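Asker: need a structure here:
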Amino acid sequence: MNKIQIKTKPNLGKRIYACVIDYGFIYAFMIGMLIFYGEQSSEGGYSLSGFPALFVSLFWGLMTIGIEQIFGTTLGNYLNDLKPISIKGDFNNLDLSLGQSIKRHLLDCIDIYTFGIIGIIAIKNSKYNQRLGDIWATTIVIDIKDKEQGIIIDNSL
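Answerer: Numbers count the residues shown, from 1 in each chain. The predicted model follows:
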């Protein structure tokens, strides 16, 4: 019988940098859309409606879920040697399913709107250093250059 161990570390600095990179691109795109296609309100702010607003949402989905599905990691995670992997089911295939990517990133808003505090608390207090999205999606984030992290299968038993 195989013994399976899941080993992670918080990797907080790298995870914060990855988030800043990913959402930096998303916010830059959103600001560009507001400048070029936004409608000015009476208070002096701008808003998007119709297709431009939909396009911002589609860009968010592409930059998070889409890139993660195509390349196995987002741009920010890639640049920080981080990779989300599945801890659900078959440990021979650690790639995330589409559903897992969607679940992970739907809860990004909780982390973003609380300036990362909820995410940091979850990472520090969960068994496998997971954010809420990772807990819901049954995924973990590992540093691929740290050989102490990941899923270790002991075949000696």
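Asker: For stretch 58-72, which outside residues touch it?
Answerer: With contacts defined as Cβ atoms under 8 Å, 6 or more residues apart in numbering, stretch 58-72 is touched by 22, 25-26, 29-30, 73-75, 78, 83-84, 95-96, 98, 101-102, 104-105, 108. Yep, even glycine has a C-beta here, placed from its N, CA and C like the rest.
Asker: How much space separates residue 59 from residue 27?
Answerer: When distance is defined by Cβ to Cβ, to the nearest Å, residue 59 is 11 Å away from residue 27.
Asker: right, I mislabeled it, should have said residue 105
Answerer: Computed as Cβ to Cβ, the residue 105 to residue 27 distance reads 15 Å.
Asker: Pull out the buried residues from stretch 148-157.
Answerer: Buried residues in stretch 148-157, counted by 16 or more other Cβ atoms under 10 Å: 149, 150, 151.
Asker: Over to stretch 65-77?
Answerer: Going by 16+ other Cβ under 10 Å, stretch 65-77 has these buried residues: 65, 66, 67, 68, 69, 73, 74, 75, 76, 77.
Asker: ok but the first one is inside a helix, no?
Answerer: Meaning residue 65. Yes: assigned with DSSP: H, G, I helix; E, B strand; the rest coil, residue 65 falls within a helix.
Asker: Just confirm residue 116 contacts residue 16, I think it does.
Answerer: Yes: contact status for residue 116 versus residue 16: in contact at 6.5 Å, counting by Cβ atoms under 8 Å.
Asker: Comparing these two, which shows the higher neighbour count?
Answerer: residue 116 (18 against 15; other Cβ atoms under 10 Å).
Asker: show me the contacts for the more buried one.
Answerer: 16, 19.
Asker: tell me how far the helix or strand encompassing residue 69 is from the chain's mean position?
Answerer: Using DSSP states H and E, residue 69 falls within helix 67-71. Distance of helix 67-71 from the chain centroid (Cα atoms, centre = their mean, to the nearest Å) equals 11 Å.
Asker: Need the CA coordinates for it. PDB is fine.
Answerer: Extracted in PDB, the C-alpha atoms of helix 67-71 (Å, rounded to 0.1, in the frame of the first residue of the first chain):
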ATOM      1  CA  ILE A  67      -4.000  30.900 -18.700                       C
ATOM      2  CA  GLU A  68      -4.100  28.500 -15.700                       C
ATOM      3  CA  GLN A  69      -5.900  25.900 -17.900                       C
ATOM      4  CA  ILE A  70      -3.600  26.400 -20.900                       C
ATOM      5  CA  PHE A  71      -0.200  26.600 -19.100                       C
END
